[in-house]
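Visitor: Compute the structure for the input listed below.
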Amino acid sequence: METPLLSDTVIILGLSVIVILLFQRFKLPTLLGFLATGVIAGPHGLSLVANSNNIEILAEIGVILLLFIIGMEFSLKQLAIIKRTVLLGGTTQVLATIGLVALVMVILRYSWGEAVFMGFLIALSSTAIVLRLLQDSGELNSPQGRVVLGILIFQDIVVVPMMLLTPLMAGGSENIATALLLMALKGAFVIVFVLISARYLVPRLLYQVAKTKSKELFILSIVVICFAVTWLTSSLGLSLALGAFMAGIIISESEYSHQATSNILPFREIFTSFFFVSIGMLLDFNFLLQHLPIVLLFTLLTFLLKGMVATLAARILQYPLRVSLLVGLSLFQVGEFAFILSKTGISTGLLSPETYQYFLSVSLLTMALTPFVVGASPKLADRIASPFATKQEPMPFATQPKAAHGDLRADLDDHIIIIGFGINGRNVAKAARYARIPYVIVELNAATVKHEGKKGEPIVYGDAVHPMILTHINIHKARVVVIAISDPEATKRIITTIREISGKAHIIVRTRFLQEMEENYRLGADEVIPEEFETSIEIFTRTLNKYLMPRDEIEAFTQNIRADNYEMLRSLNTNRNLGMATLSVDLPDIEVASLRIFTKEPDIVGKPLLESNIRNRFAITVVAIKRMEQTILDINADTQLQRGDLVYVVGKPSDVLRFSNYIKE
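Guide: The predicted model follows:
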């Protein structure tokens, strides 16, 4: 007996494997591979799938799980940290895009409802593609990465009210006021339900489930919560996607969210693949070819309009032109949530079949262009921003912060320049302050500059890739420049700019990855410190300490690794001579342990060590005692042990174990 769903699933997954393998060879995103699979297998392609309704059902499950995961990863606390970027940058990008797109659509003689809805669709960018590209390039924590992340978070949130407003814009209700009131009541009910569930119901339920230590029961409970809340919102006339998002938020506020995410993630990856395949199936390739000039024109218009609006949003957030351009070049595409929202538009009549095909064609083309544009964005941003880099850029929509100590330029000589005020930059500043070495900080985040300037830090706003900024802080007089930013491309440009001005400044660069070291050295850096190797050295240092290696040998070993440019850690040859041929672990058969005194035995508790005769009875030596908040290091024959003491002893492992068993309660 033939099962259509099974055969269609095998065809889709099998074809996806082939297409994605091909895409990976050309380093294209997996998501684009799923879209291409849908185009090939769909009714407008080779018609390999007999019943597209089966795929749409699986795609609906994918949408639910996609929004469920996003809801679980949505943290109100994390949102508060970047609230300014999310609210100001996101609001600017979404509202401005909706307004401009609606204006264009009205000029093309669409109704206001259709025009605004198309603005909804175009305003949304691809979270899946952009964040993956930023993660792969190591730029997620860069200034442009933080702005992009904040705007994408706002888009993910605003899609929910967009889904609620779409039926009203379609004129589905004769009484708009009543419809709005009903929608508000439903929304209030959902919010109250989410708050009560997140605060009281779900944590207690999951606690009882977690106590059973049953992985199957835990996964089943998470899935039931997801689909139950989704079914509830659907029964209220709200969207499935909204219910899934709310279910994710309910679980996100509990301590079980990380485990739930790790359990659901594999299911999401499978089902969301069907979602993107189903989108590709909807594209009429013949329509695309027949209307190619118009589609390309709309694609170019979308690229320019969204790129300029996103650039403006970053400028309003007081970032330099180059960083703002990088933001615009990252957010020009139409995203996956637009496809979800478009289904609501089709069902309500806000999207005609022809307009829908134009939308699909433009969306898929912008998504396909994204990897190439983002890869070339640093060079594009440099070319566009270079004519404006001849002078220091003023802070847009704000006043330039004053230095904490008056005229910095007059005071700076033989100083440290710290570029980037993240964790590493702050630590360098603390050390310089402690050592009474003059320093100045260059930072791109205007809010950080304003906040730290009030606290007295010598900090200036600016992009260190521009020579004018470096000249302003006396780069020609600086002894050391520490580059501690998370943007590898900007780091390279800063090194080049410094070397064009000053040949004597000692440049120390912090990088995340090994492959960045050689290029930074070539451009003029004096020292490059990769985070991944320094972490490895610290771990191994602590390991050698536990093996009781002499500290001077450990320090000499790590110094030789750094002096050899980490070659031992990079090379496949592990027998390199680092001048440490005598480094070997000569570990005596002893153990250092901390043990708690639980026993009440009078031969141990309350007796001097001389009388209790612990050394002879157990062959161990007490070297220190932690009692309450006091640490006793002067151990002698009269020292007494008390119940509750934490004692530090030295001896053979078997003897330490024997003593440990004796002092148990």
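
Visitor: could I have stretch 128-142 exported to CSV, CA atoms only?
Guide: What follows is stretch 128-142, C-alpha atoms only, in CSV (Å, rounded to 0.1, in the frame of the first residue of the first chain):
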residue,chain,number,x,y,z
ALA,A,128,17.9,33.0,9.9
ILE,A,129,20.2,34.0,7.1
VAL,A,130,21.7,37.3,8.6
LEU,A,131,22.5,35.9,12.0
ARG,A,132,24.1,32.8,10.6
LEU,A,133,26.3,34.9,8.3
LEU,A,134,27.3,37.2,11.2
GLN,A,135,28.1,34.2,13.4
ASP,A,136,30.2,32.6,10.7
SER,A,137,32.2,35.8,10.1
GLY,A,138,32.6,36.5,13.9
GLU,A,139,30.9,39.9,13.6
LEU,A,140,27.9,39.2,15.8
ASN,A,141,29.4,41.2,18.7
SER,A,142,30.7,44.0,16.5
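
Visitor: buried stuff in that stretch?
Guide: 128-134, 137-140, 142 (16 or more other Cβ atoms under 10 Å). C-betas here are computed from N, CA, C, even on glycine.

Visitor: List the ones among those residues that fall in helices.
Guide: Taking DSSP state H as the definition of helices, those contribute 128-134, 137.

Visitor: quick check, nearest of the buried residues of stretch 128-142 to Lys454?
Guide: Ser142 (25.1 Å; Cβ to Cβ).

Visitor: what residues are up against the closest one?
Guide: Counting by Cβ atoms under 8 Å, 6 or more residues apart in numbering, Ser142 makes contact with 485-487, 490.

Visitor: need the residues you listed in JSON lines with pLDDT and neighbour count, can you?
Guide: Below are these laid out as JSON lines (pLDDT from 0 to 100; neighbours: other Cβ atoms under 10 Å):
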{"residue": "Ile485", "pLDDT": "87", "neighbour count": "23"}
{"residue": "Ser486", "pLDDT": "80", "neighbour count": "20"}
{"residue": "Asp487", "pLDDT": "81", "neighbour count": "24"}
{"residue": "Ala490", "pLDDT": "85", "neighbour count": "26"}
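
Visitor: Looking at those, which are in helices?
Guide: Per DSSP H, the subset of the contacts of Ser142 in helices is Ala490.

Visitor: Now flag whichever of the contacts of Ser142 is closest to Asp156.
Guide: Ser486 (22.7 Å).

Visitor: Would you agree that closest one is in contact with Phe513?
Guide: No. Applying Cβ atoms under 8 Å, one finds Ser486 not in contact with Phe513, separated by 11.2 Å.

Visitor: Ile508 looks like it's in a strand, true?
Guide: Yes. Counting by DSSP: H, G, I helix; E, B strand; the rest coil, one finds Ile508 located in a strand.

Visitor: pLDDT value on it, please?
Guide: pLDDT for Ile508: 90.

Visitor: Contacts only, for the spatially closest residue to Val101 that is not a sequence neighbour.
Guide: Nearest non-adjacent residue to Val101, counting by Cβ to Cβ, 6 or more residues apart in numbering: Gly119, 4.0 Å away. Residues in contact with Gly119 (Cβ under 8 Å, 6+ apart) are 97-102, 105.

Visitor: Same check on Ala478?
Guide: Shown in contact with Ala478 (Cβ under 8 Å, 6+ apart): 412, 414-417, 502, 505.

Visitor: domains of this structure?
Guide: As recorded under automatic domain parsing, the domains making up the chain are 4-382, 408-525, 591-662.

Visitor: Identify whichever of the ones you listed lies nearest to Thr543.
Guide: Thr543 lies closest to domain 591-662 among these, at 14.8 Å (Cβ to Cβ).

Visitor: Would you work out how far apart the start and end of the closest one are?
Guide: End-to-end distance of domain 591-662: 17 Å, with Cα to Cα, to the nearest Å as the criterion.

Visitor: And that domain, how far out from the chain middle?
Guide: 48 Å (Cα atoms, centre = their mean, to the nearest Å).

Visitor: cool, and stretch 374-393?
Guide: On Cα atoms, centre = their mean, the centre of stretch 374-393 falls 25 Å from that of its chain.
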